[in-house]
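Asks: Dropping a prediction and its sequence here:
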Amino acid sequence: MNLKHAQYIMEIIKEGSITNASKTMHVSQPALSQTIKAVEKYLGAPIFLRNTNPIVLTEAGKKYIAAVKKVITISSNLLHEVADIQYEGYGTLRIGIPVQRAMMMLPQVVPIFRQRYPHIKLEIQEAGSSITENAVLNGGVDLAITTTTPTNDELSYELVETEDVVLVANKQTTLAQRIKPGTPIHITEAKNEEFVSITEGHNVRRVQDNVFSTYEIKPSIVLETSSIEVGKRLVSAMEVVFLCPDVYLDEYFLSKGNCVLYPLLGVANKRYCYICIRKDAYLSPYARAFAELIRNNGRKRKE
């Protein structure tokens, strides 16, 4: 198997088309087309369905990609194992993590890690949980911190912490004027308020939509944002409410942010944060040490 060809095919799948992959890799479209022909000649079968957008794998193509992932993992494991044999305190650790969680966790973890492993280079890829989960699968990162639902049999998910999604309200809202802050409420108490919402694809959005569906609420959403931090700041600045994981609501924000919070009753409003790695991946000693620091950070917030 030609690994360079395999990497090109993986990028075409990731980008959804030869045109997009050509731009991201700075490789000509004819060169990528020739790569596809070479792989199909090697297999003796087409790997892509023609005339689809985005591009779609054939059954033979799916088998090819499954084999590619195994080969890449074997190659990566070999390189890591040999590097550890030669280990003299140098190496690179690639971490996938959503931006908001990076803001919360990395300042607590990275300084300690750097003291222990001063010559290990950290590469942080900040993206949503679904993207970082795929990056683990494709070998783009060594491990990821995700808030997701464990569904992929190729991955190992270790629970780091459990979070409650709560309702944050501006102090001037009718809800905040009517009900004492901190009182557990049903979401129906806020059905007449205007909401700031997280965009689709975010784990909080799935929790939010489940809450609204359970109580058959059609909220008035004034705007959507992909950032929890932006949502918090908007609640602080205008008369709206916002569903937010409690781990992102520190005492300073609540005391200075013109906001109050309400625990929610009667709904499945929890999120779960995991360390995510490939089951067949080799983890270096410093990768295992980083994962342990993440675990300890989660334990501290539980205490």
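Replies: Nice, thanks for sending it over. Numbering: from 1, shown residues only.

Asks: CA only for contacts and neighbour counts going forward, please
Replies: Will do.

Asks: how close does E251 sit to E229?
Replies: Distance, E251 to E229, by Cα to Cα, to the nearest Å: 15 Å.

Asks: nearest residue to A45 other than its sequence neighbours?
Replies: Nearest residue to A45, sequence neighbours excluded (Cα to Cα, 6 or more residues apart in numbering): A60, at 6.6 Å.

Asks: Are we agreed that the one you found is in a strand?
Replies: No. The assignment for A60, made by DSSP: H, G, I helix; E, B strand; the rest coil, is helix rather than a strand.

Asks: From V136, how far off is it?
Replies: For A60, the distance to V136 under the criterion Cα to Cα works out to 23 Å.

Asks: between these two, who's got more neighbours?
Replies: When A60 and V136 are compared for neighbours, V136 comes out ahead with 22 against 16, by other Cα atoms under 10 Å.

Asks: Hmm, I145 and the more buried one touching each other?
Replies: No. In this structure V136 lies outside contact range of I145 using Cα atoms under 8 Å: 10.2 Å.

Asks: For the closest residue to G128 other than its chain neighbours, list the residues it contacts.
Replies: Leaving aside its chain neighbours, G128 sits nearest to P98 (4.8 Å; criterion: Cα to Cα, 6+ apart). The neighbours of P98, taking Cα atoms under 8 Å, 6 or more residues apart in numbering as the test, are 126-129, 132, 145-146.

Asks: swap the cut-off to 10 Å and go again
Replies: With contact taken as Cα atoms under 10 Å, 6 or more residues apart in numbering, P98 is in contact with 124-132, 144-147.

Asks: what does S284 give?
Replies: S284 sits in contact with 77, 80-81, 83-84, 87, 91-93, 142, 290, where contact means Cα under 10 Å, 6+ apart.

Asks: where does it land on pLDDT?
Replies: We have a pLDDT of 84 for S284.

Asks: The one 5 residues further on too?
Replies: In this prediction, A289 carries a pLDDT score of 92.

Asks: Over to R301?
Replies: Among the per-residue scores, R301 shows a pLDDT of 66.

Asks: What of D84?
Replies: At D84 the predicted local confidence, pLDDT, stands at 68.

Asks: Repeat that for the one 5 residues further on.
Replies: At G89 the predicted local distance difference test score is 66.

Asks: And E126, by the same measure?
Replies: The predicted structure scores E126 at 90 on the pLDDT scale.

Asks: Quickly note the distance from A291 to R94.
Replies: When distances are taken as Cα to Cα, A291 and R94 turn out to be 12 Å apart.

Asks: what sits in contact with each of the two?
Replies: With the criterion set as Cα under 10 Å, 6+ apart, the overlap between the contacts of A291 and R94 is 143-144.

Asks: Looking at those two, which has the bigger crowd around it?
Replies: Using other Cα under 10 Å as the criterion, A291 and R94 rank with A291 on top: 21 against 17.

Asks: ok, what's across the strand from the residue lying closest to that one once chain neighbours are set aside?
Replies: Once its chain neighbours are removed from consideration, A291 has its nearest residue in I275; the separation is 7.2 Å (Cα to Cα, 6+ apart). Partner residues in beta bridges with I275: I145, E158, with DSSP bridges as the criterion.

Asks: can you give me the helices in the chain?
Replies: Listed in chain order, the helices of the chain (DSSP state H) span 3-15, 18-25, 29-43, 59-85, 99-116, 129-137, 174-178, 203-214, 228-237, 251-256, 285-302.

Asks: Nearest spatial neighbour of N170, chain-adjacent residues omitted?
Replies: In space, and not counting its chain neighbours, N170 is closest to C259: 4.6 Å by Cα to Cα, 6+ apart.

Asks: What is the neighbour count of the one you found?
Replies: 25.

Asks: quick one: it and T199, what's the gap?
Replies: Distance, C259 to T199, using Cα to Cα: 21 Å.
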